[in-house]
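>>> sequence first, then the predicted structure, then my questions.
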Amino acid sequence: MVSCPSCREHFPLPAGGVKNLKSNFLATKLIERRAIQRQLRTRDAKVPCTSCPEEVSPGIAVARCVECNDFLCTKCVDAHKSVKISRQHELLTLDQLRSSKLGFRNLPEQEICPKHKGEVLRFYCETCEEPMCRDCTVLDHPKPEHKQTDLSSAAKERNEKLKKLAQNCEPVARTLDSAIDTNKKIKNDLDAAYNEALTLIRQFTNTAVDEVIQAGHEQEEELLQLKLSRDKEIESNRDHHELMRTRIRTALDMAHQVTEKGSDHDVATMYSSLRDSMQELSNAKPKTVSKSLGKVTFVPCENLLTELITHKLGELKTHARFELLSQVITDPGLMPRCVVFNEDNYLVVTDRLPSFESVINTLTLEGYDNMKIDLKDAGEPDERTSEAWGVVVGNSGQYFVTDLNPYIKVFNSQGDFCMKVIPQNEWPESPRSTMASLTTAFSALAGFIYKQKPKLYGIAVDDQGLIYVGSDRCDINILKQDGSFISRFRTQICPYYIAVAHSGQIVLSDHQNQAVHVHDATGEFLNAFSIPDGMEDPTWFQPTGLCCTSDNEVYVANKSVFKGIFRYSVTGECLGVITKRLREPWGIALNEEEDKLAVVDGNVRGTMEIFRLS
């Protein structure tokens, strides 16, 4: 394996070692150009002729042959013009070379085959993806095992492909630039917050007696360790982003050089390596950096004398705090169930009418309608009543929607129906969990009426773009966005809502069975969430909507007693409450880039409440 010094990417050596690596003719030409420029730096420079016979002393060059890549003295110039094979070659005087920028087009267009002396590389092997000469077509790349074409056509086709690949990589490069800027801002916020908190700690310490000074030093150390750990995480993210940017910028620069200034041979030779690199990089995504990393403050202890026993002056608050920003009232009679943010920062809401007709609404944060999609229009002729439930936004802005039918409906960003996705061809019988057995009779009746077809409820998308969809048969199906099936696993509860943590855990909620469960990426059950503090009766915990933060906290909506949004660790520990002043929260969505939390609040005539991170 060899490591690239620029991007630190490892790649294997071919058989035979370093000597069998492909030659980079583009880099070779750059080196030659630099050497020529150094030789011609002054008018008095004496450049030796490279065409004179070895047995005689070389003369002083007066010109250079563009075709042969040789400096020529006066005698060799005359000889060059008198020989038939070189009579038509273009010769440039040294003054002309000094005045020229010696771009790639001034260097030889025709490359000589390294295997067959004197043969020009005029052809291209599609099978091996490398240029070849006339002898190569017969000896090394014969038909029909090898597909052959002329070098010019192959270079033109690959030139266009490289330009398209470069276009795909450009947005990723800009996204990485933005991510690095965001990372820098969060670092500045953390530094400012650290300085402010440190000032508060010291001011509070100075007002206390000598006995609390030691406690103040301990609090400073705690804050410092917190900052150091977050500095390390921020620096790690920055290094990752800069490393990716270096890789993609290097690939883009090389692609631009090749497509704009490279010869046909350059394009054909470097196409495969650039293609592979840019195809990989075009799918790259920057790591999400939680803005909460830059937030820390100091809250003085209300009862200092009591806390002196534990040598604590106060508590460092690091979690996000939300304040109500706005409320959006939906149309009378609508029953929203799920909400997500799309790429334009609009709210995408699934709504159910009292007549059980279903729509997808996209709204601005101020509540203005942007687009409405009628789900019934996209169903099968014999489809049972559509009841909109879940929605996620795909990589290309498309909407994946569940409406209690046995398939996912997919719409493009303009609202046009694209396709339906059936998670799997056959739905095996599934014994429901013990908790779900309370509704066995109703489920049996529903199964008879609907020919035992499953209902799809919760749906989520992870960082890699995989779709997770749950059904009333207590299972999770994992799909690609083109609809192809990947895997499936059983659950103990009905996954009405699903969220996928950045660390890969899959979180499910079932309000009917008062449970939130966590599975790993393979489907193995890990843990259940605890009941929030203060809930005397377990039935008061009826979790609905879920969302995950970039630092792997889970926000859980509860629609029973203590109606609000609770904070959890992914291991199931309740960390606190965001708000308890809601009516009946269902779906929730988090946009960390905009510091917004959206909540579907209310069963009939729902309210969209928008909270802002403070």
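Nice, I can see it.
>>> walk me through which strands the strand or helix carrying Phe400 pairs with, and which way each runs.
In the assignment (DSSP states H and E), Phe400 maps to strand 399-402. Paired strands of strand 399-402, with direction, are strand 390-393 (antiparallel), strand 408-411 (antiparallel) (DSSP bridges).
>>> what residues does that strand touch?
348, 350, 360, 373, 375, 388-394, 408-413, 421, 456-459, 461, 467, 469, 481 (CB atoms under 8 Å, 6 or more residues apart in numbering). Bear in mind the C-beta positions are built from the backbone N, C-alpha and C, glycine included.
>>> show me how to select, in ChimeraX, the buried members of the residues you listed.
Listed next is the ChimeraX selection for buried residues among those, using 16 or more other CB atoms under 10 Å:
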select :348,350,360,373,375,388,389,390,391,392,393,394,408,409,410,411,413,421,456,457,458,459,461,467,469,481
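>>> tell me the buried residues in the strand or helix carrying Asp95?
Using DSSP H and E, Asp95 maps to helix 94-99. Buried residues in helix 94-99, counted by 16+ other CB under 10 Å: Leu94, Leu97, Arg98.
>>> check stretch 284-298 too.
Per 16+ other CB under 10 Å, stretch 284-298 contains these buried residues: Pro286, Thr288, Val289, Ser290, Lys291, Ser292, Leu293, Gly294, Lys295, Val296, Phe298.
>>> is Met335 in contact with Arg352, as I believe?
Yes: using CB atoms under 8 Å, Met335 makes contact with Arg352 at a distance of 4.4 Å.
>>> who does Arg612 bridge with?
Residues in beta-bridge contact with Arg612 (DSSP bridges): Glu323, Lys596.
>>> how close does it get to Lys580?
18 Å (CB to CB, to the nearest Å).
>>> what about the closest residue to Asn183 other than its chain neighbours, is that helix, strand or coil?
In space, and not counting its chain neighbours, Asn183 is closest to Arg238: 4.8 Å by CB to CB, 6 or more residues apart in numbering. Under the three-state scheme (DSSP: H, G, I helix; E, B strand; the rest coil), Arg238 adopts helix.
>>> what are the neighbouring residues in contact with Arg238?
Here Arg238 is in contact with Ile180, Asn183, Lys184, Lys187 (CB under 8 Å, 6+ apart).
>>> ChimeraX command to pick out the buried ones of these?
Filtering those down to the buried ones (16+ other CB under 10 Å) takes a single ChimeraX command:
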select :180,183,187
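>>> flag the shaky bits of the stretch 351-500 of the chain, pLDDT-wise.
353-357, 367-369, 377-385, 425-452 (pLDDT under 70).
>>> which other helices and strands does the strand or helix carrying Gly587 contact?
Secondary structure from DSSP H and E places Gly587 in strand 585-591. Counting contacts by 3 or more CB pairs under 8 Å, 6 or more residues apart in numbering; DSSP states H and E, strand 585-591 packs against strand 335-341, strand 347-352, strand 543-548, strand 553-558, strand 564-569, strand 596-601.
>>> quick one: strands adjacent to that strand?
strand 596-601 (antiparallel).
>>> and the residue lying closest to Thr522 once chain neighbours are set aside, which of the three is it?
Among residues not flanking Thr522 along the chain, Phe489 sits closest, at 7.4 Å (CB to CB, 6+ apart). Classification of Phe489 using three-state DSSP returns strand.
>>> just give me the closest of the buried residues of helix 94-99 to Gly59.
Closest approach to Gly59 among those (CB to CB): Leu94, at 13.1 Å.
>>> next, the contact list for that closest one, please.
Leu40, Val47, Ala61, Val62, Ala63, Arg64.
>>> and the pLDDT at the fifth one?
We note a pLDDT of 89 for Ala63 in this prediction.
>>> that one contacts Glu90, doesn't it?
No: under the criterion of CB under 8 Å, Ala63 is not in contact with Glu90, lying 10.0 Å apart.
>>> neighbour count: these two, which is higher?
Ala63 (21 against 9; other CB atoms under 10 Å).
>>> tell me who's in contact with the more buried one.
Here Ala63 is in contact with Phe71, Leu72, Val77, Leu91, Leu92, Thr93, Leu94 (criterion: CB under 8 Å, 6+ apart).
>>> cool, Ile373 as well?
Here Ile373 is in contact with Val359, Ile360, Tyr399, Phe411, Gly415 (criterion: CB under 8 Å, 6+ apart).
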